[in-house]
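[1] below is the sequence, then the predicted model.
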Amino acid sequence: MDAQPEATEALTPTPEPKRPAGAPEAYRLDPAGGCPHAVNARLRAQGAVAPVLLPGDIEGMVVLGHHALRDFLADPDVAKGPRHFTALAEGRIPEGWPLRTFATVPGMTTADGADHRRLRTLVSSAFTARRVEELRPRVAAVTEGLLDGLAEAAAAGDGVADLRRHFALPLPLGVICELLGVDPAHQDRLHRLSSLVVATDTEPAQAVAANRELLGLLAAIAEAKAARPGDDLTSALIAARDEGGDRLAQQELIGTLLLMIIAGHETTLNLVTNAVRALCAHRDQLALVTGGRASWADAVEETLRWDSPVSYFPFRYPTRDLTVDGTLIPRGTPVLAGYSAAGRDPEAHGPDADRFDLTRAGAAKHLSLGHGPHYCLGAPLARMEAAVALEALFTRFPDLDLAVPEAGLTRHAGFVGNSVRALPVRLGPAAR
């Protein structure tokens with residue numbers, strides 16, 4: 001069943017704010033997604049904050065400017081808990097609303113303050129820099145095996161293979177499932193269901209069904225682990241207690257597993273896919289890395305900035321009327337973090353912010369993995385996986401290139417994730 005918001009007193013209904021004279025019209029976000037960059041530039045030219053219409057004509061805002069977003073993400077008067085979402089508290093968000101899971105799933109992404117710190121502490125030990133480095137040999141081994149499979153797929157497809165399906169997807173999905181102790185037999189189903197849950201164009205009945213099936217599958221996985229614990233993170237979460245002796249509640253456990261599986265592979269999947277697209281389109285930048293004048297880590301960071309794997313991330317809510325860069329965001333408004341827009345903000349990244357440049361100097365640090373108390377817990381793992389994947393891929397297949405023009409690629413479904421649905425590539429001869 002759909003996760004429900006925490007119990008609390010009802011919010012006093014907030015009257016719909018009147019749009020000030022001269023304020024921009026709300027931009028209707030396309031549930032089907034598409035390339036965000038042209039829209040981002042148009043909205044950002046009007047200001048660092050823009051009004052948007054979410055599915056179902058729910059009024060929201062998006063913070064697009066780098067500096068405004070950095071401050072907003074760290075503002076103590078901005079919350080993640082669903083009780084702060086006015087439209088939800090007033091019963092205006094139906095069960096099949098495509099973004100409902102983002103708003104209501106119990107866990108770190110919808111917790112605030114001490115509750116958030118408690119949940120984060122229980123998980124954080126799996127993603128320390130030391131622990132991630134210990135995983136590097138395993139990630140490298142999985143990567144090599146996937147490259148063998150990619151070559152086989154290309155050989156069976158007249159030299160063309162879908163890099164997203166055969167390489168960018170199974171690497172992070174396999175690693176996070178291994179960390180959690182999830183049977184590999186569940187991986188395809190987990191990806192299919194999580195893709196439906198995060199897409200913003202999923203039909204209401206399908207969204208409800210996918211959400212229920214995914215939560216049911218995760219509950220079954222947790223139940224099996226409780227009966228037969230192993231040396232994995234799911235078993236550790238079931239057994240973990242905080243300083244007060246409390247364990248994760250069942251809903252918190254399922255919500256945490258949901259977060260870790262979705263965030264643990266969808267973001268890295270898009271990151272690797274986008275990095276390969278960028279490097280193939282900018283062979284001079286690829287040559288900097290292969291020639292030793294830049295690193296694979298540089299390629300990862302510039303991809304995160306230039307083509308963020310997450311475009312508009314839901315949700316945060318001001319707990320009071322808040323003015324951000326001169327724009328009023330009323331209390332209880334659902335606000336999207338515009339990571340793809342902030343990454344190309346000329347005020348932060350210079351007048352050439354639209355250019356993919358691994359040697360970029362003096363630019364502000366990107367925000368594509370978040371900022372403030374909800375900074376991405378899995379950031380070290382995502383960075384390591386992507387760098388290992390790119391180095392191994394272009395080392396074995398130095399002439400790898402796109403098999404279709406960039407304009408011919410079909411975009412990711414929805415406006416949360418930012419990538420393409422498939423990435424057909426020609427591998428070229430393998431390096432000897």
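    Perfect, I can see it now.

[2] quick check: Asn270 vs Arg212, distance?
    26 Å (Cβ to Cβ, to the nearest Å). In short, each C-beta sits where N, CA and C put it, glycine included.

[3] do the same with Val175
    Applying Cβ to Cβ, the value for Val175 to Arg212 is 27 Å.

[4] more neighbours, these two?
    Val175 (21 against 13; other Cβ atoms under 10 Å).

[5] thought that one was touching Met384?
    No: contact criterion Cβ atoms under 8 Å: Val175 and Met384 do not qualify, at 9.7 Å.

[6] run through the stretch 1-150 of the chain and note the low-pLDDT ranges.
    1-23 (pLDDT under 70).

[7] helices along that one, start to end?
    37-46, 66-73, 86-89, 100-104, 113-124, 129-156 (DSSP state H, counting those that start in this stretch).

[8] same deal with the stretch 301-432 of the chain?
    Under DSSP H, counting those that start in this stretch, the stretch 301-432 of the chain gives helices at 339-342, 346-349, 379-396.

[9] check which helices and strands the second one sits against.
    Contact partners of helix 346-349 among helices and strands, from 3 or more Cβ pairs under 8 Å, 6 or more residues apart in numbering; DSSP states H and E: helix 66-73.

[10] ok now the helix it packs on, how far from the chain's centre?
    18 Å (Cα atoms, centre = their mean, to the nearest Å).

[11] do the same with stretch 276-292
    Worked out by Cα atoms, centre = their mean, stretch 276-292 lies 24 Å from the chain centre.

[12] one more: stretch 329-346?
    Taking mean C-alpha positions (Cα atoms, centre = their mean), stretch 329-346 and its chain are 15 Å apart.

[13] for it, output the C-alpha coordinates as PDB.
    Output of stretch 329-346 as PDB, limited to C-alpha atoms (Å, rounded to 0.1, in the frame of the first residue of the first chain):
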ATOM      1  CA  ILE A 329       7.600  30.800  -1.600                       C
ATOM      2  CA  PRO A 330       4.500  30.400   0.500                       C
ATOM      3  CA  ARG A 331       4.600  28.100   3.500                       C
ATOM      4  CA  GLY A 332       3.700  24.500   2.500                       C
ATOM      5  CA  THR A 333       4.600  24.900  -1.200                       C
ATOM      6  CA  PRO A 334       6.200  21.800  -2.700                       C
ATOM      7  CA  VAL A 335       9.500  22.900  -4.000                       C
ATOM      8  CA  LEU A 336      11.700  21.100  -6.500                       C
ATOM      9  CA  ALA A 337      15.500  21.200  -6.400                       C
ATOM     10  CA  GLY A 338      16.500  22.200  -9.900                       C
ATOM     11  CA  TYR A 339      19.900  20.400 -10.100                       C
ATOM     12  CA  SER A 340      20.200  20.400 -13.900                       C
ATOM     13  CA  ALA A 341      19.500  24.100 -14.000                       C
ATOM     14  CA  ALA A 342      21.900  25.000 -11.200                       C
ATOM     15  CA  GLY A 343      24.600  23.100 -12.900                       C
ATOM     16  CA  ARG A 344      24.600  25.400 -15.900                       C
ATOM     17  CA  ASP A 345      24.000  28.700 -14.000                       C
ATOM     18  CA  PRO A 346      26.400  31.200 -15.600                       C
END
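
[14] what residues of that stretch count as buried?
    329-345 (16 or more other Cβ atoms under 10 Å).

[15] can you list the weak-confidence ranges in the stretch 301-432 of the chain?
    362-363, 432.

[16] pretty sure Tyr375 contacts Leu367?
    No: using Cβ under 8 Å, Tyr375 is not in contact with Leu367, being 9.4 Å away.

[17] higher neighbour count, those two?
    Leu367 (25 against 13).

[18] need the phi and psi values for that one.
    In this entry, Leu367 is assigned phi and psi values of phi -110, psi 10 (degrees, to the nearest 10).

[19] quick check: it vs Ala379, distance?
    Going from Leu367 to Ala379 by Cβ to Cβ gives 12 Å.

[20] so where does Gly230 fall, helix or strand?
    If you go by DSSP states H and E, Gly230 is not part of any helix or strand.
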